[in-house]
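Engineer: using only what follows, build the 3D model:
(chains A, B and C)
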Amino acid sequence: MAKTNDTGFFEKVYQVASQIPYGRVTSYGAIAKYLGTPKSARMVGWAMNASHNNPDVSAHRVVNRIGLLSGKHHFEGTNLMQQLLENEGIEVVENQIQNFEKHFWDPQKEL
DNA sequence: ATTCTGACGTGGG
DNA sequence: CCCCACGCCAGAA
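Structural biologist: Residues are numbered from 1 along each chain as shown, chains lettered A, B, ... in the order given. Sure thing, here's the model as predicted:
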């Protein structure tokens, strides 16, 4: 049976990621920390990899701790992720988000 | 079962 | 910020 409830780590990540507001960004560690597993930030990224099945999840709004588009290689093309972010009014230079702190969205604080 | 890698983070230097 | 090392958990070979 497909459990619609979130008992798995992945689905928790999906829900948080899907709640990221427009024009905002967050880090894998922030999500992981919100889930109670700050040391498993890698798994957040891994969950994002599986987010291909979840259209509600905007993985392009999730970057590493320094605002670097570490996952841009996983998107189609070479600059799709950057295009999406710039489309939301976020400055991206050299695969790195400018004014990262200003665009940062902390689930623990905002959610 | 073992080994390696990976969309990361933190701490020490 | 850089560099180096360790921890973390899940999945693939």
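Engineer: roughly how far apart are the closest residue to DNA strand B within chain A and A:Lys109?
Structural biologist: Proximity of chain A to DNA strand B (Cβ to the nearest atom of the strand) peaks at A:Gly71, 1.7 Å away. Where C-beta positions appear, they are placed from N, C-alpha and C, glycine not excepted. Using Cβ to Cβ, to the nearest Å, A:Gly71 is found at 23 Å from A:Lys109.
Engineer: between those two, point out the one with more neighbours.
Structural biologist: A:Gly71 (17 against 9; other Cβ atoms under 10 Å).
Engineer: need the contact list for that one.
Structural biologist: A:45, A:48, A:59, A:62-63, A:81 (Cβ atoms under 8 Å, 6 or more residues apart in numbering).
Engineer: now do the helices in chain A.
Structural biologist: For chain A, applying DSSP state H gives helices covering A:9-18, A:28-35, A:41-49, A:80-87, A:100-103, A:107-110.
Engineer: and of those helices, who's closest to DNA strand C?
Structural biologist: helix A:41-49 (4.5 Å).
Engineer: how far off centre is that closest one?
Structural biologist: 9 Å (Cα atoms, centre = their mean, to the nearest Å).
Engineer: kindly report the same for stretch A:40-50.
Structural biologist: 9 Å.
Engineer: report whether it contacts DNA strand B.
Structural biologist: Yes - shown here: stretch A:40-50 in contact with DNA strand B (Cβ under 7 Å from any atom of the strand) through A:41-46, A:48-49.
Engineer: which ones are touching A:Phe75?
Structural biologist: With Cβ under 8 Å, 6+ apart, A:Phe75 has these contacts: A:59-60, A:81.
Engineer: could I get the helices of chain A as a markdown table with distance to DNA strand C and mean pLDDT?
Structural biologist: Shown next, in a markdown table, are the helices of chain A (distance: least, Cβ to the nearest atom of the strand, whole Å; pLDDT from 0 to 100):
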| stretch | distance to DNA strand C | mean pLDDT |
| --- | --- | --- |
| helix A:9-18 | 6 | 89 |
| helix A:28-35 | 9 | 93 |
| helix A:41-49 | 5 | 92 |
| helix A:80-87 | 17 | 95 |
| helix A:100-103 | 8 | 94 |
| helix A:107-110 | 18 | 90 |
